[in-house]
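Undergrad: could you work out the structure for the sequence below:
(2 chains)
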There are 2 protein chains.
Amino acid sequence: MSEKVVGILGGRGGQLGRMLAASASLLNVKVVILDSGEHAPAKQILAPTAPHLAHLDGSFADPDKIKDLSKKVDVLTVEIEHVDAATLDEIQNSSTGRALAIHPSPATIQIIQDKFRQKEHLKSHGLPISDFLGVESTVGSVEDASQQLGLPLMLKSRTLAYDGRGNFVLRDAAQAAAAISALGNRPLYAEKWVPFTKEIAVMVVRSANGEVKSYPVVETVHKDNICHLVFAPLRSRDASICHRARTIAENAIKSFTGAGVFGVEMFLMADGNIYINEIAPRPHNSGHYTIEACETSQYENHLRAILSLPLGSTALKVPSAVMLNLIGYSSSMAEINKVVDVAINTPGASVHLYGKSECRKGRKMGHITVVAPSDAELRKRLRPLLQSLPSSSQEEVDLYAPEAPAPGAGFSDPNPLVGVIMGSDSDLPVMLPAARILDRFGIPYELTIVSAHRTPDRLVEYARSASTRGLRTIIAGAGGAAHLPGMVAAMTALPVIGVPVKGSTLDGVDSLHSIVQMPRGIPVATVAINNGMNAGLLAVRILAAGMPSLIDAMDEYMKTMENEVLTKVDKLQEVGWEKYQVNRT
Amino acid sequence: MSEKVVGILGGRGGQLGRMLAASASLLNVKVVILDSGEHAPAKQILAPTAPHLAHLDGSFADPDKIKDLSKKVDVLTVEIEHVDAATLDEIQNSSTGRALAIHPSPATIQIIQDKFRQKEHLKSHGLPISDFLGVESTVGSVEDASQQLGLPLMLKSRTLAYDGRGNFVLRDAAQAAAAISALGNRPLYAEKWVPFTKEIAVMVVRSANGEVKSYPVVETVHKDNICHLVFAPLRSRDASICHRARTIAENAIKSFTGAGVFGVEMFLMADGNIYINEIAPRPHNSGHYTIEACETSQYENHLRAILSLPLGSTALKVPSAVMLNLIGYSSSMAEINKVVDVAINTPGASVHLYGKSECRKGRKMGHITVVAPSDAELRKRLRPLLQSLPSSSQEEVDLYAPEAPAPGAGFSDPNPLVGVIMGSDSDLPVMLPAARILDRFGIPYELTIVSAHRTPDRLVEYARSASTRGLRTIIAGAGGAAHLPGMVAAMTALPVIGVPVKGSTLDGVDSLHSIVQMPRGIPVATVAINNGMNAGLLAVRILAAGMPSLIDAMDEYMKTMENEVLTKVDKLQEVGWEKYQVNRT
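TA: Okay, the predicted model is just below:
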């Protein structure tokens, strides 16, 4: 591996350095961390006497210590962007005698650590951001801004702002003086209020020569301005969002210099527009999930980027993941331990405690990542974790981890894997057996009416959004001309199962031929006339292609069918065929 | 989390302790390792001054040091089974004043560390093992054994044998003296030669109260008696093997006392029989893959077991994984670094270097785990890694990482995801377009003839083994009575796509109705008459349910189709409909 030594300017929490060091140790990469405090998280996995890892005591804000560190390493990187960029710049310019790389570049850190300059930079590169204005720390200037950008107005410190600190929401111009005082008379700027529907984020890794790779788009949920939950991947009705968000994030990071991973936080608007909120030039809380869920974690990719190694695959290796931050609730670990106890009983959950010696309210003490074979299963696994949080209201629990309806309850699941649709409510008796089968196998589904001829727009929206909403297969029933299954198949890449419904004439052969005789290019998986049950069973078999546990469940189902027939064999033998009552259902 | 302190008796390599300590640090579990040598791997991630991790210098063979360690901890566990079990027993019996748990129990270690006693124990519990005999270190005794058990004969040291050390294959009774001397005049026993077809292994985690959970069955490949490759999960033609192997492994571990993970190595015979080879009472090389590939790693589950926490899920979270050991080839790391450089360029590969200060021939320096969405993709990813090994012959590379045939090559892939079968070679023209589509999407498949009526036994074997061989869907084409798709569907839980082939009478409606009108319980996904192409496209859509990248590929394919038609729109406009030449294919 690389012989280069990596220096990390340790930041406030220490957990990013700790996870970076853990990644480095797997590659035999030598790391030196500049960190203060005896109980810094990174210290707990770093042995000062070990050949591969070392420690330097001191603050990331002390120029002399940074210079000391720079002499011991080949590559310098940061755990926090609020470092002394001027010192880094000076070190960069004076290190002519040897090759010292600083990533991200001091120039990039300088732009990003001043949020007003960051916005100006993004604007000058044509990237989508909401309107903003520089303001003076005077009541008049703040009032001017509120007139230009409207109320409510987001007032922010230009520097040293994170986790909501340094933000003030001005709801009335009369609050101007209070806002200036609350923000500590620091240099300010104002942002037009963004009434977003969702917060989303994309991690991007950039090599020194400008190559970028983005991770999947995630949904982030903040609570008290601190990252609370991160869902990967984002599910949405608008199929274009993920592509657009990744393109924006990649273009944003291409506009900077230097190597490493960057977290790009964005707002998603009701009209589908996306604005960049802010950028972090380092591994980011919204990328913790990559450790368990992606082919290469953000930490390893950060190391690869700053060491000029090839960037690793950013693909998800599991279908669904969620990260839950463990934020201190008090000075005791008791509340955290309660959540961890639940996690230990949750399949797919990985606990990351940061080893911080003291718990404090609002302090990031650890995180839990849960992976699952589907969104519905993920939210089922997440639910008891949310319930165990002392700060969760029932509403919050319901919002982010909706309970799957009980089998047989007959209501659509909010995170369905299968869509069961029919052209008319008269098809319901034929389609209900499909729903019953999905209930029996515990598969989340939605059931609704989509008529190809009477609701053509609904058909288009349903089919086009099916895949990005997380559906994996669609069962469509229709009678007569029976266009629904084929038209849905023409507008989605998902497998579509067609159920020909028997009408009052032609015995269903009309529907059968309409559904099965699709032209080359667009297949419909057709089952027997009126056989909704088989459509449900086929959906289960299709899902089994990605969820091996369903193979066992289907094997067992088939074994049960076999036994039912064998029971009849015995009964026929016992009763005699003259007296045998045939049960026709 | 648990407040208990875990003590680890460090072993020869140190990597197991290191990985165990890494797992412990995520749970804030305090660990003390007894280890000798300044550069022990575990030391490199353990900070002696840190509150959560500590180190004790000394050998795991030194009774005083073990006693020292036992005083500092609440739970004692081992990285190697060749420890002084008598001392552990003494500590266990004398620690009446406080609750010290030793896992696995000294009794278990005592049985397992003496391979002859281990065999006797397994035999007495009715577990399947090959015949064996205790032998004296005399020529006469060895000759007697070779007469009783036959030649070749496996002679083994009863103790301190691992990675093939302490084994001697006696091919001729005249070698008896040489064997005794080669085995260092230690206590011996003899095992009947086992001409296995595959070596398989199962990791089992056992709680102190006897609950067991097994990990998936893996195939292990040894080279020079050292674990070389581990493939997860095992693929086999015999659908019963995985269930039987897990049951044997679970029953074996139930027969011991104490908690922790155990590696159960087994031989798979040509007739499907399974014999236990040997058991390791600790995290095992054949379980390294669990770190990236399973919901809970073997290390975390070992900690959970010995700390009396609930056992974690042993399910795979990815479809396929392989572990490649990085064994030293010389005193230089150059060869290892070459493999690691290839791994860095391999999607899904995770590198684990153990940080050992010196490389030696035969020393375990690290391992690489590769995950992938299918076996074929896994072996494609593995191939360049094997090629980069200095010791790999081309034969070995071909054996374990068979190259997928180039798209369009028309030969069956050894790791197919799709089976394309037809009742007769006359169906080939209809089915070839299905194969062409799979080629186009880069999906590995096999194509063969299975006739329901003329080769009924082949039909049964094909359908029954399809899922455990790794197939995820089957395309079956048939004409006339067309029983093939439905009969295959009756004997597998996989989705079966039926292609009705048009015969010389009835226009294919006979085949269509035979295939589509399946009874309730067994669905066949029927496509249009003679439309093999749509069967291929449906298979791609079905696979997309478990491989999201195929959704994008199918979207692109549909976009291309759309553009082809739009081009014709333009051409029709340009040429005029009177002169337009219709292209009928």
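
Undergrad: so where is the stretch 401-550 of chain A shaky, pLDDT-wise?
TA: A:401-410 (pLDDT under 70).

Undergrad: repeat the analysis, applying 50 as the threshold.
TA: A:404, A:406-408 (pLDDT under 50).

Undergrad: how about the residues of it by chain B?
TA: Residues of the stretch 401-550 of chain A lying near chain B by CB under 8 Å from any CB of the partner chain: A:467, A:472-473, A:490, A:493-497, A:512, A:516-529, A:531, A:533-535, A:537-538, A:541-550. For glycine as for every other residue, the C-beta is placed from the backbone atoms N, C-alpha and C.

Undergrad: selection in ChimeraX covering whichever of the residues you listed are buried, please.
TA: Remark: buried members of these, expressed as a ChimeraX selection using 16 or more other CB atoms under 10 Å in any protein chain shown:
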select /A:467,472,473,490,493,494,495,496,497,512,516,518,520,521,522,523,524,525,526,527,528,529,531,533,534,535,537,538,541,542,543,544,545,546,547,548,550
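
Undergrad: in helices, which of the residues of the stretch 401-550 of chain A next to chain B appear?
TA: Counting by DSSP state H, these place A:490, A:512, A:516, A:533-535, A:537-538, A:541-544, A:549-550 in helices.

Undergrad: list the helices and strands the helix or strand containing A:E335 packs on?
TA: Using DSSP states H and E, A:E335 maps to helix A:334-344. If contacts are counted by 3 or more CB pairs under 8 Å, 6 or more residues apart in numbering or on different chains; DSSP states H and E, helix A:334-344 sits against strand A:320-327, strand A:349-353, strand A:364-372, helix A:375-387.

Undergrad: hmm, the third one touching chain B?
TA: Translated: strand A:364-372. Yes - counting by CB under 8 Å from any CB, contacts between strand A:364-372 and chain B involve A:V371.

Undergrad: likewise for the last one?
TA: No - with CB under 8 Å from any CB as the criterion, chain B is not reached by helix A:375-387; the gap is at least 10.1 Å.

Undergrad: tell me who's in contact with A:S451.
TA: Listed by CB atoms under 8 Å, 6 or more residues apart in numbering or on different chains, the contact partners of A:S451 are A:G423, A:S424, A:R458, A:L459, A:L484.

Undergrad: could you check how far the residue nearest to the second one when sequence neighbours are not counted is from chain B?
TA: Looking back up the chat, that one is A:S424. Using CB to CB, 6 or more residues apart in numbering or on different chains and skipping the chain neighbours, the partner closest in space to A:S424 is A:S451 (6.4 Å). Separation of A:S451 from chain B (CB to the nearest CB, to the nearest Å) stands at 23 Å.

Undergrad: swap in A:D89?
TA: 31 Å.

Undergrad: surely that residue meets A:Q110?
TA: Yes - under the criterion of CB atoms under 8 Å, A:D89 makes contact with A:Q110 at 7.5 Å.

Undergrad: the stretch 51-200 of chain A: strands as residue ranges?
TA: A:53-57, A:75-78, A:101-102, A:132-135, A:153-157, A:167-170, A:188-192, A:198-206 (DSSP state E, counting those that start in this stretch).

Undergrad: for the second one, packing partners?
TA: For strand A:75-78, the helices and strands in contact under the criterion 3+ CB pairs under 8 Å, 6+ apart are strand A:5-9, strand A:101-102, helix A:298-306.

Undergrad: next one: that strand to chain centre, how far?
TA: Centroid separation between strand A:75-78 and its chain, computed with CA atoms, centre = their mean, to the nearest Å, is 27 Å.

Undergrad: which strands border it, and is each parallel or antiparallel?
TA: strand A:5-9 (parallel), strand A:101-102 (parallel) (DSSP bridges).

Undergrad: put the alpha carbons of it into PDB.
TA: What follows is strand A:75-78, C-alpha atoms only, in PDB (Å, rounded to 0.1, in the frame of the first residue of the first chain):
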ATOM      1  CA  VAL A  75      -0.400  14.300   3.400                       C
ATOM      2  CA  LEU A  76      -2.400  16.600   5.700                       C
ATOM      3  CA  THR A  77      -6.200  16.400   6.000                       C
ATOM      4  CA  VAL A  78      -8.800  17.700   8.300                       C
END
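
Undergrad: what pLDDT does the model give the residue in the stretch 101-250 of chain A positioned nearest to chain B?
TA: For the stretch 101-250 of chain A and chain B, the shortest gap (CB to the nearest CB) falls at A:P233, measuring 8.3 Å. pLDDT, A:P233: 96.

Undergrad: for chain B, what's the nearest residue on chain A?
TA: Counting by CB to the nearest CB, chain A gets nearest to chain B through A:G546 (2.2 Å).

Undergrad: is it true that that residue touches B:A545?
TA: Yes - applying CB under 8 Å, one finds A:G546 in contact with B:A545, separated by 4.7 Å.

Undergrad: now for those two: what residues contact both?
TA: Joint contacts of A:G546 and B:A545 (CB under 8 Å, 6+ apart) are A:R472.

Undergrad: low-confidence regions, chain A specifically.
TA: A:46-50, A:404, A:406-408.

Undergrad: run a quick neighbour tally on the residue lying closest to A:M487 once chain neighbours are set aside.
TA: The spatially closest residue to A:M487, leaving aside those adjacent along the chain, is A:A452, at 5.1 Å (CB to CB, 6+ apart). Residues near A:A452, counting by other CB atoms under 10 Å in any protein chain shown, number 22.

Undergrad: so A:A452 sits in a helix?
TA: No - assignment of A:A452 by DSSP: H, G, I helix; E, B strand; the rest coil gives coil, placing it outside any helix.

Undergrad: leaving out chain neighbours, which residue sits closest to A:P128?
TA: Per CB to CB, 6+ apart, closest to A:P128 is A:Y275, 5.2 Å.

Undergrad: what's across from the one you found in the sheet?
TA: A:F267.

Undergrad: wait, it touches A:L127, no?
TA: No - contact criterion CB under 8 Å: A:Y275 and A:L127 do not qualify, at 9.0 Å.

Undergrad: break chain A down into its structural domains.
TA: A:5-103, A:131-192, A:418-545, A:551-584 (the TED database).

Undergrad: tell me the most buried of these?
TA: domain A:418-545 (a mean of 22; mean count of other CB atoms under 10 Å in any protein chain shown).

Undergrad: now the end-to-end length of that domain.
TA: With CA to CA, to the nearest Å as the measure, the ends of domain A:418-545 fall 14 Å from one another.

Undergrad: next up, the contacts around A:V139.
TA: Here A:V139 is in contact with A:A176, A:A177, A:I180 (CB under 8 Å, 6+ apart).

Undergrad: same thing but at 10 Å, please
TA: A:A173, A:A174, A:Q175, A:A176, A:A177, A:A178, A:A179, A:I180 (CB atoms under 10 Å, 6 or more residues apart in numbering or on different chains).
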